[in-house]
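Student: Attaching a predicted model along with its sequence, questions to come.
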Amino acid sequence: MVFEKVRDMIAEQLRVDAATITPETLLVEDLKADSANVMVMILELESEFGIEVEDEVILQLKTVGDVVAYIEKNQ
């Protein structure tokens, strides 16, 4: 569902194994995403799910689960 799609998009963008990504996975600390990675990811997620993520919200999204919860709430 949403988690699988987000996981696969992150895995592809950051070139990591999707099997290593869980809802608890930290975007920066675990996946080594930098601010540019995060911005590209957010743009792709906005396009994919038809949502808009405010800048102040982006800073609050620490884990993959946070991203999934935000998408599910705002879709």
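Tutor: Received, thanks.
Student: if you count residues, which helix in the protein comes out on top?
Tutor: Determined from DSSP state H, the single longest helix within the chain is helix 35-49.
Student: who are the neighbours of that helix, in terms of helices and strands?
Tutor: Counting contacts by 3 or more C-beta pairs under 8 Å, 6 or more residues apart in numbering; DSSP states H and E, helix 35-49 packs against helix 2-14, helix 55-58, helix 64-74. Where C-beta positions appear, they are placed from N, C-alpha and C, glycine not excepted.
Student: From the chain's centroid, how far away is the shortest one?
Tutor: Meaning helix 55-58. Offset of helix 55-58 from its chain centre (C-alpha atoms, centre = their mean, to the nearest Å): 13 Å.
Student: What is the worst-scoring helix or strand of the chain on mean pLDDT packed up against?
Tutor: Least confident helix or strand, the chain: helix 55-58 with a mean of 92, by mean pLDDT, DSSP states H and E. Applying 3+ C-beta pairs under 8 Å, 6+ apart, we find helix 55-58 packed against helix 35-49.
Student: Give the buried residues for the helix it packs on.
Tutor: 37, 38, 41, 42, 45, 49 (16 or more other C-beta atoms under 10 Å).
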